[in-house]
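*Asks:* pasted the sequence and its predicted model underneath.
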Amino acid sequence: MSHQYHHYIPRFLLRNFAIDKYERIFYEVNIAQQQYESRKKAELLQIYDRKKDKLGISLIANTYGYWDMYKDLNNTDVMHVEEKLSKLEGSVAITIKKILKASQEKNKVVLLRKYLEDLRKFLFVMNYRNNHRWFQFTGDNFDFITRSMVNDFMQQQNLQRPEEVWLQNIREILDTPHWEVKDNMKIFKIDRDDYNQRMVECFLIIWQAGENDEFIVTSNGFGIFEGVSGNMFGSPFGFAYHTFYVLSPKLVLVLCPSHFRKEVGETELLYKCFGGQRSIFENVPHPAAIPKHVGRVKPTSFSESSNKPKLNITDPIDLKSHLFDAVLKSNGIETRWNDEFTFSFVKIDSATVHLVNIILLNEVGPDLVLTFLSHPNLYKTIVKYNKHYKDSVKKDFTNLKKKLRTELNRTHKDDLHLRRKIPENSTFTWNFREIN
């Protein structure tokens, strides 16, 4: 039986961090050699492997994945889940490419509802298939209450092992329309509720780093959140104020509860529910997408006994997702696949970029694999991390900091040495490229 290496961070995202996106080298002018080197660099990442305590490079093809993650031995086509994932990724890759291109040329991007729903589904799958969640099911690593729920679900669905629950969840999510995932009983309840809370009831914003700042990527970084965490009734509990999905060194998608929308303005109520714990990003702009609906139907009014408000159709829709359909229909609007949503790129300052990176770093485990674009910006991130957290809670990145300092000093010395050796009429060029 053949084996396949399955990525939990797809290659089309990793290529945004490829070495050829940021290079500082001397080379002799040779077009054929340049083309070969360009292809070679496009498949390499700069990484830090915490387990090996090693700073180096890695092939994209061999990074952030496991063998046969999606193999379904209970199906005649054992790779059918991987094939479904490939179709979703193909659609989303085009959408993300559009977002990246727009971010380099203008201050907004327009996305159609159909592709936006695919993007949301993809974001959930990205979080759901990361190494932590996968090992939770393959290693039966649950708290007592969750394990009992998993066992009951396996009995109901005639499944033999927890990892079959994980695989069935992904398959059903891929096969189910976005708005119906929350009602699909073949998906484990905790995961159905999680999907609904984040992918349906949260709104999406796009943050953009400045010229001298960069986001990083970590093994479990997709879906890491800032908010409230603790234990309730003996089980882990968390409520996300902001959930992060890094697309590139310059862009991160952020999902937020509708309380943060200025049209709703209920952040104080939200904070009160969680003991007054405030978001560290509360002062960062949260502009919701502006919709343009193409469908019109005959308006229907709410009943007189209902306290549900009627929305002015000039306002952005999606304020309270559980009222979504009723609010739209009451204003004579029918959702269509080609409804347009205009997203602004929110330019954030260095402090906010570092806070996002700090949250990613503080959730890493001993098996961290960290991807970055440039050594200087990663060094800045580590320095900021060490200043932000107290010694009692922060992770130890002392060795990484030393390695980065050594690398930066070596690069600086090599640059000076090579510059001095260039003859006046040489065939060498100085090449410096950086992502915008």
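*Replies:* Structure received.

*Asks:* where do the helices of the stretch 251-400 of the chain begin and end?
*Replies:* 267-273, 324-330, 350-362, 375-388, 398-421 (DSSP state H, counting those that start in this stretch).

*Asks:* which one of the ones you listed has the poorest average confidence?
*Replies:* Among the helices of the stretch 251-400 of the chain, helix 324-330 carries the lowest mean pLDDT, at a mean of 60.

*Asks:* adjacent strands (with direction) for the longest strand along the chain?
*Replies:* Across the chain, the longest stretch assigned as strand under DSSP state E is strand 235-246. Strands that pair with strand 235-246, judged by DSSP bridges, come out as strand 224-232 (antiparallel), strand 251-257 (antiparallel).

*Asks:* surely residue 174 forms part of a strand?
*Replies:* No - going by DSSP: H, G, I helix; E, B strand; the rest coil, the assignment for residue 174 is helix, not a strand.

*Asks:* so how far is residue 167 from the nearest residue to it once chain neighbours are set aside?
*Replies:* Using CB to CB, 6 or more residues apart in numbering and skipping the chain neighbours, the partner closest in space to residue 174 is residue 84 (4.4 Å). Where you see a C-beta, it was placed from the backbone N, CA and C, and this is true even at glycine. Separation of residue 84 from residue 167 (CB to CB, to the nearest Å): 11 Å.

*Asks:* more neighbours, the two?
*Replies:* When residue 84 and residue 167 are compared for neighbours, residue 167 comes out ahead with 22 against 16, by other CB atoms under 10 Å.

*Asks:* check contacts around residue 124.
*Replies:* Residue 124 makes contact with 173, 194-195, 198-199, 223, according to CB atoms under 8 Å, 6 or more residues apart in numbering.

*Asks:* again, only this time at 10 Å
*Replies:* With contact set as CB atoms under 10 Å, 6 or more residues apart in numbering, residue 124 has these partners: 170, 173, 178, 181, 191, 194-195, 198-200, 222-223, 245, 255.

*Asks:* of those, which belong to strands?
*Replies:* When the contacts of residue 124 are checked against strands using DSSP E, the ones located there are 245, 255.

*Asks:* what's the neighbour count on residue 334?
*Replies:* 14.

*Asks:* should've said residue 112
*Replies:* 16.

*Asks:* now residue 379
*Replies:* When neighbours are counted by other CB under 10 Å, residue 379 registers 18.

*Asks:* same thing with the one 4 residues further on?
*Replies:* Applying other CB under 10 Å, we find 14 other residues in the vicinity of residue 383.

*Asks:* go on, residue 288?
*Replies:* Neighbours around residue 288, by other CB under 10 Å: 22.

*Asks:* that one reaches residue 343, doesn't it?
*Replies:* Yes - assessed by CB atoms under 10 Å, residue 288 is found in contact with residue 343 at 8.7 Å.

*Asks:* who touches both of the two?
*Replies:* Shared contacts of residue 288 and residue 343 (CB under 10 Å, 6+ apart): 204-205.

*Asks:* picking up where we left off before, show me the two of the contacts of residue 124 that sit farthest apart.
*Replies:* With distances taken as CB to CB, the most widely separated pair in the contacts of residue 124 is 170 and 255, at 19.3 Å.

*Asks:* beyond the longest helix anywhere in the chain, next helix or strand please.
*Replies:* Ranked by residue count and defined by DSSP state H, the top helix of the chain is helix 80-105. Downstream of helix 80-105, the next assigned helix or strand under DSSP states H and E is strand 108-112.

*Asks:* least confident of the strands paired with strand 235-246, on average?
*Replies:* It's strand 224-232: among the strands paired with strand 235-246, that one has the lowest mean pLDDT, namely a mean of 78.

*Asks:* isn't the residue nearest to residue 174 up against residue 122?
*Replies:* No - under the criterion of CB under 10 Å, residue 84 lies out of contact with residue 122, with a separation of 11.9 Å.

*Asks:* for residue 55, list the residues it contacts.
*Replies:* Contacts of residue 55 were listed using CB under 10 Å, 6+ apart, and they are 46-49, 370, 372, 375, 378, 399-400, 402-404, 406-407.

*Asks:* which residue is the nearest non-sequential neighbour of residue 115?
*Replies:* Excluding its sequence neighbours, the residue lying closest to residue 115 (CB to CB, 6+ apart) is residue 95, at 4.7 Å.

*Asks:* got the contact list for that neighbour?
*Replies:* 109, 111-112, 114-116, 118-119, 122.

*Asks:* report the central residue of the chain.
*Replies:* Residue closest to the mean C-alpha point of the chain, counted by CA atoms, centre = their mean, is residue 245 at 1.8 Å.

*Asks:* neighbouring strands - and their directions - for the helix or strand hosting residue 66?
*Replies:* Secondary structure assigned from DSSP H and E places residue 66 in strand 65-67. Sheet partners assigned to strand 65-67 using DSSP bridges are listed as strand 5-7 (antiparallel).

*Asks:* okay, buried residues for the strand it pairs with please.
*Replies:* Judged by neighbour count using 16 or more other CB atoms under 10 Å, the buried positions of strand 5-7 are 6-7.

*Asks:* show me what the helix or strand that it is followed by is packed up against.
*Replies:* Once strand 5-7 ends, the next helix or strand along the chain (criterion: DSSP H and E) is helix 11-14. Contact here means 3 or more CB pairs under 10 Å, 6 or more residues apart in numbering; DSSP states H and E; on that basis helix 11-14 packs against helix 80-105.
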